[in-house]
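Visitor: prediction below, plus the sequence it came from.
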Amino acid sequence: MDSIDYQILKLLKNDGRMSHESIAKQVNLSRPAVRSRIISLERSGVISGYSTLIDYDALGFNIQVFVYIKVSKMNYSKILDDISSACPEKVLIDEHYRISGEWCLLIKVMCHSQKDITEFVDQISTIDCVIATNTVFIFKS
């Protein structure tokens, strides 16, 4: 990996559908050279796929929060299953992390209303091993 590979990755991170021609112009290489580098990055596993960015606001998921969760015992897979089961239909879990420090888990949740997030947090609180939650509203991401 050299600085050009890192530039290519940064461009693809911002726009996974960017053409090889556009990338070539920005990194001062030929289109075939960029294509070759991208293929090499894919084969080596550095690029493992391409994804679609969804505008959740356009879907009505205009409230986004982080929910910190403290548990008495850690079985990450089971807790995530329990949280997913407690998740109302109008609430979408976008990301989840096992973290260190005072809190055990961090999940990013999107929903349509404060009522939805309140219902979700209330449901999480009924899970046996959940000791506490802390919800932080996201103003801008």
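Guide: Arrived safely, thanks for sending. Residues are numbered from 1 along each chain as shown.
Visitor: low-confidence regions, the protein specifically.
Guide: Along the chain, segments meeting pLDDT under 70 are nowhere present.
Visitor: for the residue of it most remote from its centre, what are phi and psi?
Guide: Residue farthest from the centre of the chain, counting by C-alpha atoms, centre = their mean, is S30 at 33.2 Å. Main-chain torsions, S30, degrees, to the nearest 10: phi -80, psi 160.
Visitor: for S36, see how far away it is.
Guide: 9 Å (C-beta to C-beta, to the nearest Å). In this view, the C-beta of every residue, glycine as well, is placed from N, C-alpha and C.
Visitor: quick one: F66 and F139 touch, right?
Guide: No: F66 is not in contact with F139 according to C-beta atoms under 8 Å; the separation is 11.6 Å.
Visitor: so these two - more neighbours on which side?
Guide: Neighbours were counted for F66 and for F139 using other C-beta atoms under 10 Å; F66 has more, 16 against 6.
Visitor: quick one: list the elements packing against the helix or strand containing that one.
Guide: Secondary structure assigned from DSSP states H and E places F66 in strand 63-71. If contacts are counted by 3 or more C-beta pairs under 8 Å, 6 or more residues apart in numbering; DSSP states H and E, strand 63-71 sits against helix 76-86, strand 105-111, helix 114-125, strand 130-137.
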